[in-house]
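**Student:** from the sequence below, what's the structure:
(2 chains)
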2 protein chains.
Amino acid sequence: MSRTVYIISGPAGAGKSTTSKIIARSLSRSAYIEGDLVDRMVVGGYEMPWLSQYHTDLIWKNILALTQNYLEHDHDVVIDYVGFPQNAARIRNEIKDSSVLVKFVVLMVDEHELLRRDAERKPEFQMGHRCLAGLEEIKHSNPPANHRIYTTNLVVEEVVKEIMENPRFLVNDSRGINEKIV
Amino acid sequence: MSRTVYIISGPAGAGKSTTSKIIARSLSRSAYIEGDLVDRMVVGGYEMPWLSQYHTDLIWKNILALTQNYLEHDHDVVIDYVGFPQNAARIRNEIKDSSVLVKFVVLMVDEHELLRRDAERKPEFQMGHRCLAGLEEIKHSNPPANHRIYTTNLVVEEVVKEIMENPRFLVNDSRGINEKIV
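**Tutor:** Numbering: from 1, shown residues only, chains lettered A, B, ... in the order given. Prediction:
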C-alpha cells in the first residue's frame, strides 16, 4: 500500500498542530512529527532556527531520518513545521521509494484572523503582533499557489478534507515545487 | 574532540529526566533526546512499547538515527529512556566512530524512596504503586553492577558528577555489556 507524507507548514497560529493531529488520528498507521519538539532537543549550543541555517538544516535532517524510519515501518507521516518549498523538495528527493506520496501544504490565513486566533490562546502562548512576522516570512518564501490553502473562512474539518483528498498538494519532483506558479 | 553519548535509564521516578537535563545543560554542544517524546510520535496504530517489541525497536531505531545526526554535527547526546543492556550495546555497535564514548547508566533507587518521590509529584503525574513494576522490570534486566548508580542517598548533583566523571559506565563493546558482573 502506498504511504503518504504530509508536510503541514504555515505561520505560527495558522493551525498547523490542530490540523496535523486530526490528519494523524484519522490514519490507521501514522506518526506525527512536531518540528518544534525536534528543534528543542538541542540544549547546549542552541541557536534560534531562523538565525541559523546550520541548525535549521539539522532539524530537517532529523525530521527526514524519522520520516524514513516510519515509512519503512509502514506508517504515514504528518510533519508539523514551518517549511519552505525547498524543504519539501528535499524530503521528496531523499525518499527514494517513488510509491510514497508527498504532500506539501501551506496553511494561509489573513492578518486579522491570525490575530483573532492568537488572542484566543492562553495568555502565556499569545504572540501578539509578532505572529505577523511569521506570516510575512511564509509569504516571502512564495509557495506555489497549488500548495496553499486559505483557512480564514474554513473550519478545520474542511481544511483536513481538502488536504487529504485533493491531489493538488502533491510534490512531484524538485523542479515542480520550485516553479513559481503564482 | 571526542563526543559522548549518555544513555540514562532506570525506572519511572528514579530521576532520569532531571539528571539528563542537567547533564545536557552542562555540555557546550548537546542534544537531549527524551525517549517518551519519540514514543508518542506514533499516533495511528500506537502500541504500548512494553507490549510491542516491534514498536520498541522502532523507538530505538529513531533514537539511534537522531543520535547519529547529532554526533555528525558535533553534539554530545543525552538519551533519557528506559533502556536495557542490549539497547546500549546496539547503540555502541551502530556508532561506527570508535572515538565516540558511550556511557550506559541505570539509575537505581529503593522502593521506599521511589514511592516518596512519586508522592511529591503533581497528582496527575503520580503513579502510586505502579512505579514499583518499573523497578522490578529494570532489576529483572540485570544491568551489570558497573552501570548502576544507587541514587537513594544522593542529591542529583552528586549523581551527575559521578556519571560524568567516572569511566566505569563506559560501554566498550556488545560483549562487555552483556557480561553479568553482579
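**Student:** thought residue A:9 was touching residue A:19, still the case?
**Tutor:** No: the criterion here is Cβ atoms under 8 Å, and residue A:19 misses it with residue A:9 at 10.5 Å. To be clear about C-beta, it is placed using only N, CA and C from the backbone, and glycine gets the same treatment.
**Student:** can you list residues touching both of these two?
**Tutor:** Residues touching both residue A:19 and residue A:9 by Cβ atoms under 8 Å, 6 or more residues apart in numbering or on different chains: residue A:107.
**Student:** not counting sequence-adjacent ones, nearest residue to residue A:71?
**Tutor:** Counting by Cβ to Cβ, 6 or more residues apart in numbering or on different chains, residue A:3 is the residue found nearest to residue A:71 once chain neighbours are left out, at 5.5 Å.
**Student:** average model confidence for the strand ranked longest in chain A?
**Tutor:** As assigned by DSSP state E, the longest strand anywhere in chain A is strand A:101-108. Mean per-residue pLDDT for strand A:101-108: 97.
**Student:** list the contacts of it.
**Tutor:** With Cβ under 8 Å, 6+ apart as the test, strand A:101-108 has contacts from A:2-11, A:14-16, A:19, A:83, A:85, A:88, A:91-92, A:95, A:138, A:143, A:147-152, A:159, A:163, A:169-171, A:177.
**Student:** same question for stretch A:59-75.
**Tutor:** Residues from elsewhere that reach stretch A:59-75 (Cβ under 8 Å, 6+ apart): A:1, A:3, A:5, A:29-31, A:33, A:35, A:38-39, A:41, A:49, A:76-77, A:79, A:81, A:83, A:87, A:90-91, A:94-95, A:97, A:100, B:41-42, B:44-45, B:54, B:58, B:61-62, B:65-66, B:68-69.
**Student:** list buried residues within those residues.
**Tutor:** For those, a neighbour count by 16 or more other Cβ atoms under 10 Å in any protein chain shown gives the buried set as A:3, A:5, A:29-31, A:33, A:35, A:38-39, A:41, A:49, A:76-77, A:79, A:81, A:83, A:87, A:90-91, A:95, A:100, B:41-42, B:44-45, B:58, B:61-62, B:65-66, B:68-69.
**Student:** inside strands: which ones of these?
**Tutor:** Counting by DSSP E, those place A:5, A:30, A:31, A:33, A:76, A:77, A:79 in strands.
**Student:** just the angle for the longest strand of chain A relative to strand A:76-80, thanks.
**Tutor:** Relative orientation of strand A:101-108 and strand A:76-80, computed by axes from the mean of the first three to the mean of the last three Cα atoms, to 10 degrees: 30 degrees.
**Student:** angle of the helix or strand following strand A:101-108 against strand A:101-108?
**Tutor:** Using DSSP states H and E, the helix or strand that follows strand A:101-108 in sequence is helix A:111-120. Orientation of helix A:111-120 against strand A:101-108 (the same axes, to 10 degrees) gives an angle of 90 degrees.
**Student:** so who does the residue nearest to residue A:41 when sequence neighbours are not counted touch?
**Tutor:** Closest residue to residue A:41 apart from its sequence neighbours, by Cβ to Cβ, 6+ apart: residue B:31 at 4.9 Å. Contacts for residue B:31 (Cβ under 8 Å, 6+ apart) come out as A:41, A:42, A:43, B:24, B:66, B:70, B:75, B:76, B:77, B:78.
**Student:** and if we set it to 10 Å?
**Tutor:** Contacts for residue B:31 (Cβ atoms under 10 Å, 6 or more residues apart in numbering or on different chains) come out as A:38, A:40-46, A:58, A:62, B:5, B:24, B:66-67, B:69-71, B:73, B:75-79.
**Student:** now the angle between strand B:30-34 and the longest helix belonging to chain A, please.
**Tutor:** In chain A, taking DSSP state H as the definition, the longest helix is helix A:53-72. Taking the same axes, to 10 degrees, one finds helix A:53-72 and strand B:30-34 inclined to each other by 30 degrees.
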